[in-house]
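K.L.:
A predicted structure for the sequence below; I have some questions about it.
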Amino acid sequence: MVVRLQFQGIRCFSAPQDTVIRPVTLLVGENSSGKTTFLALYQIASAIIGGFAPEVPFNEPPFLLGAYDQIASYRGGRAGRAKSFSVTVSVDADPRGGSVRAEFVSRNGQPSLRAWRLAVDSLVWQVTSNGSRYPASMSWESPHGRTEFPITRWFDLEQIMQLPVKYWAETMGLKESDVVFSQSHLNSLRGAWGSIRTRFGVRTYAFAPIRTSPQRTYDPVSAEPKPEGSHVPMLLARLSHAPAEGQWAAIKSALEEFGFSSGLFEQVEVIRKGKKESDPFQIGIKSGGPAFNLVDVGYGVSQALPILVDTLQRSPVNEVFLLQQPEVHLHPRAQAELGSFFARRAGRRRRFVIETHSDYLVDRIRMEARRGKPLRPEDVSLLYFERDEHGATIHNLELDKDGSITNPPTGYRQFFLEEERSLLGV
């Protein structure tokens, strides 16, 4: 089973791109080669596979892609700006494999969904839009034929998919002869759609590249999740106030295990300035001596805590974590340990897509894959982003049983090799 994210006509990716997604997907390459755009596209694709979605998150923090002219590729000359762009999620080598594809055009300067398409084998279910919030028409294709009809009222696509085929005509206001699907066709489409959503993930959780600065004292306010992690101190305070529920002890233990292995800290404490839950509090960090305020320890701790806490406390129910340079402000040992942290928590129900410039983090994930428990080499996708004359190209790199990269392109590691040669005077 292979899960793919495919797209074209988007920013520096004017040519079609075909990328393989696995429980741990690493994005590596030079600056301005499209890695952050890829993370944004993953968030967009997760929304698309949920169904016909006129409100697609092109500008949902921390990813702000802009208006149509900032998103669609500009190819110069007569080609100019791309007239449309598309995003596709597909699953193959699976009995229920199929694809969901969304195509966008410009309407009033903004990207607007033109067509949403679910396909498996020779079966196609497509919904088109005229720019309003509601679909304009629907078409079905099967070995029995093709039909297209206007949609005169709104209905939930997922709910309509659950209906037995004999009720479709009545629900849609059609003649029974207009329905070209058999029940087995409908079941195949339904199974493919479910497989795509399960394998790719309809829930994403994105972290900002720079997490919020620590404060000396916090006032208990909302713990609503924020990409920059400003909610994490409030979340820790809330969990520590109800230790009987058991979640605080588990998270505290996991944090301190990471802290010890990475050399960042030994203990994390919530220090209350009163007896009530509504009283101010501080976050204490202990490392080889008395506890210090979070403000007074290395900046790396405050940058790592939001990633660690949010990953640990969120229920692993088909969720994908999107990370931009999680290694920021961490020393090499901590960067490597962060790789182990991700590797040991990745799986079918919790996945990580990580943009990184850290060899230490990448190499540790490769080492974890070589051990084979719980991460295996086939669970890791290494995407190398390379700038070229056409914009950028993404290369799918794979690991062998020893964690070695089996198919690196010519440009991969060229910079490091040249630097090493210069250092050695070769």
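P.N.:
Everything's here; your move.

K.L.:
the residue positioned nearest the centre of the chain: what secondary structure?
P.N.:
Among the residues of the chain, L322 comes closest to the average C-alpha position under Cα atoms, centre = their mean, at 4.3 Å. Local secondary structure at L322 is given as strand here, using DSSP: H, G, I helix; E, B strand; the rest coil.

K.L.:
can you name the residues that contact the residue nearest to it when sequence neighbours are not counted?
P.N.:
The spatial neighbour of L322 that comes closest, neighbours along the chain excluded (Cβ to Cβ, 6 or more residues apart in numbering), is A206 at 4.2 Å. Where you see a C-beta, it was placed from the backbone N, CA and C, and this is true even at glycine. For A206, the residues meeting the contact criterion (Cβ atoms under 8 Å, 6 or more residues apart in numbering) are L39, Q43, P61, P62, F63, P227, F321, L322, L323.

K.L.:
excluding sequence neighbours, find me the nearest residue to the third one.
P.N.:
Leaving aside its sequence neighbours, P61 sits nearest to P227 (Cβ to Cβ, 6+ apart; 5.3 Å).

K.L.:
cool, R272 as well?
P.N.:
The shortest distance from R272 to any non-neighbouring residue, by Cβ to Cβ, 6+ apart, is to F281 (4.8 Å).

K.L.:
count the residues that sit near the one you found.
P.N.:
When neighbours are counted by other Cβ atoms under 10 Å, F281 registers 23.

K.L.:
isn't it right next to Q215, touching?
P.N.:
No - at 10.5 Å, F281 does not count as touching Q215 under the criterion of Cβ atoms under 8 Å.

K.L.:
which neighbours do these two share?
P.N.:
Shared contacts of F281 and Q215, defined by Cβ under 8 Å, 6+ apart, are found at P233.

K.L.:
now list the buried members of the contacts of A206.
P.N.:
Using 16 or more other Cβ atoms under 10 Å as the burial test, the contacts of A206 include L39, Q43, P62, F63, P227, F321, L322, L323 as buried.

K.L.:
what residues does the last one make contact with?
P.N.:
For L323, the contacting residues are A206, F207, I307, F352, V353, I354, E355, T356, taking Cβ under 8 Å, 6+ apart as the criterion.

K.L.:
residues making contact with the particular helix or strand that has the fifth one in it?
P.N.:
Counting by DSSP states H and E, the element that carries V353 is strand 350-355. Identification of contacts with strand 350-355 by Cβ under 8 Å, 6+ apart yields 21-27, 35-36, 38-39, 42, 201, 316, 319-326, 342, 345-346, 361.

K.L.:
out of those residues, name the ones that lie in helices.
P.N.:
Using DSSP state H, K35, T36, F38, L39, Y42, F342, L361 are the members of those that sit in helices.

K.L.:
could you report the neighbour count for L64?
P.N.:
By the measure other Cβ under 10 Å, the count of residues near L64 is 10.

K.L.:
now do the same for it: helix, strand or coil?
P.N.:
Following three-state DSSP, the label given to L64 is coil.

K.L.:
distance of it from I251?
P.N.:
The gap separating L64 from I251 is 31 Å, by Cβ to Cβ, to the nearest Å.

K.L.:
check F207 too.
P.N.:
Using Cβ to Cβ, F207 is found at 17 Å from I251.

K.L.:
ok, now S230?
P.N.:
Relative to I251, S230 is positioned 18 Å away (criterion: Cβ to Cβ).

K.L.:
return the residues in contact with the residue nearest to H231 when sequence neighbours are not counted.
P.N.:
With sequence-adjacent residues excluded and distances taken as Cβ to Cβ, 6+ apart, H231 is closest to A223, at 4.8 Å. Shown here is A223, whose contacts under the criterion Cβ under 8 Å, 6+ apart are H231, M234, L235, R238.

K.L.:
cool, I160 as well?
P.N.:
Neighbour list for I160: W168, T171 [criterion: Cβ under 8 Å, 6+ apart].

K.L.:
can you pull out the strands in the stretch 101-250 of the chain?
P.N.:
For the stretch 101-250 of the chain, the strands identified by DSSP state E, counting those that start in this stretch occupy 110-120, 123-129, 135-142, 145-150, 203-206, in order along the chain.

K.L.:
any idea which of the ones you listed gets closest to E256?
P.N.:
Within the strands of the stretch 101-250 of the chain, the stretch nearest E256 is strand 203-206; the backing value is 22.9 Å (Cβ to Cβ).

K.L.:
quick one: strands adjacent to the closest one?
P.N.:
strand 319-324 (parallel) (DSSP bridges).

K.L.:
ok and the partner strand relative to strand 350-355, angle-wise?
P.N.:
Interaxial angle of strand 319-324 relative to strand 350-355 (axes from the mean of the first three to the mean of the last three Cα atoms, to 10 degrees): 20 degrees.

K.L.:
chain center to strand 319-324, what's the gap?
P.N.:
The gap between where strand 319-324 is centred and where its chain is centred comes out at 5 Å by Cα atoms, centre = their mean, to the nearest Å.

K.L.:
quick check: mean pLDDT of that strand?
P.N.:
Averaged across strand 319-324, the pLDDT comes to 95.

K.L.:
can you check stretch 130-137 too?
P.N.:
Stretch 130-137 shows a mean pLDDT of 76.

K.L.:
and stretch 197-204, by the same measure?
P.N.:
Averaged across stretch 197-204, the pLDDT comes to 90.
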